[in-house]
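Enquirer: Build me a model from this:
(chains A and B)
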Amino acid sequence: DAGVTQSPTHLIKTRGQQVTLRCSPKSGHDTVSWYQQALGQGPQFIFQYYEEEERQRGNFPDRFSGHQFPNYSSELNVNALLLGDSALYLCASSFEDAGGEQYFGPGTRLTVT
Amino acid sequence: AQSVTQLGSHVSVSEGALVLLRCNYSSSVPPYLFWYVQYPNQGLQLLLKYTTGATLVKGINGFEAEFKKSETSFHLTKPSAHMSDAAEYFCAVSGGPNFGNEKLTFGTGTRLTIIP
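Expert: The predicted structure follows:
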């Protein structure tokens, strides 16, 4: 049973560019959440997708957007990259109404120069 | 609103000694509580969770935690530390399914070092 997978593993971008990160949920899971983990910090909730719609959103600007596909996979897009966007981006999947029990992927390390 | 406070950003214990990682939470609704572990350059792995029922919960790798509502705490313990326990540990809270708030709110983490 494959767990949560994310691609790419590492990414280096320049300020002002745009980036797309991808996530495939654990088999059977229908909900995908994205988190940003800055160095030395705990993960911060970006947003959550269920039934191809954004269901919840954390305190992140509109530069952060996402999408969920019919097969439950998801993308995170970040526009107009800032140096402060450098972080580990974690995708987590769960069943609907799992009460927060989420399974995390290995993350994508984004470096903005 | 929910929040988590982890006391001690760094904890060092000797191999074979008791591990105690502290977590206090704030929540306006009955919380679901979690401990996750993160090894270097990896994602988060669920150690254990509290939802309802028994307040002492057991997890993987010999870890356990006790939910104490009166103290708003959910401390993580392990009787005997092993070198492989060295990692970053995160406590997290959610509002549970009945409150439509399934996002996880994390603490800032505790780095556990095991001394040989």
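Enquirer: nearest residue to the residue nearest the centre of chain B other than its sequence neighbours?
Expert: Note on chain B: the residue nearest the mean C-alpha position is residue B:35, at 3.2 Å, using CA atoms, centre = their mean. Closest residue to residue B:35 apart from its sequence neighbours, by CB to CB, 6 or more residues apart in numbering or on different chains: residue B:47 at 4.3 Å. In this view, the C-beta of every residue, glycine as well, is placed from N, C-alpha and C.
Enquirer: contacting residues for that neighbour?
Expert: B:34, B:35, B:36, B:37, B:59, B:60, B:61, B:63, B:76, B:89 (CB atoms under 8 Å, 6 or more residues apart in numbering or on different chains).
Enquirer: ok, which residues in chain B are in contact with chain A?
Expert: Neighbours of chain A within chain B, by CB under 8 Å from any CB of the partner chain: B:4, B:32, B:34, B:36, B:42-46, B:49, B:51, B:90, B:92-97, B:101-109.
Enquirer: Mind checking which of those residues are in helices?
Expert: The members of those all map outside helices under DSSP state H.
Enquirer: Neighbours of the residue of chain A found nearest chain B, how many?
Expert: Using CB to the nearest CB, the single residue of chain A nearest to chain B is residue A:100, 2.7 Å away. Neighbourhood size, residue A:100 [other CB atoms under 10 Å in any protein chain shown]: 25.
Enquirer: Next, it: secondary structure please.
Expert: At residue A:100 the chain is in coil, as set by DSSP: H, G, I helix; E, B strand; the rest coil.
Enquirer: I figured it was touching residue B:105, is that so?
Expert: No - assessed by CB atoms under 8 Å, residue A:100 is found out of contact with residue B:105, at 9.1 Å.
Enquirer: Appreciated, that's everything.
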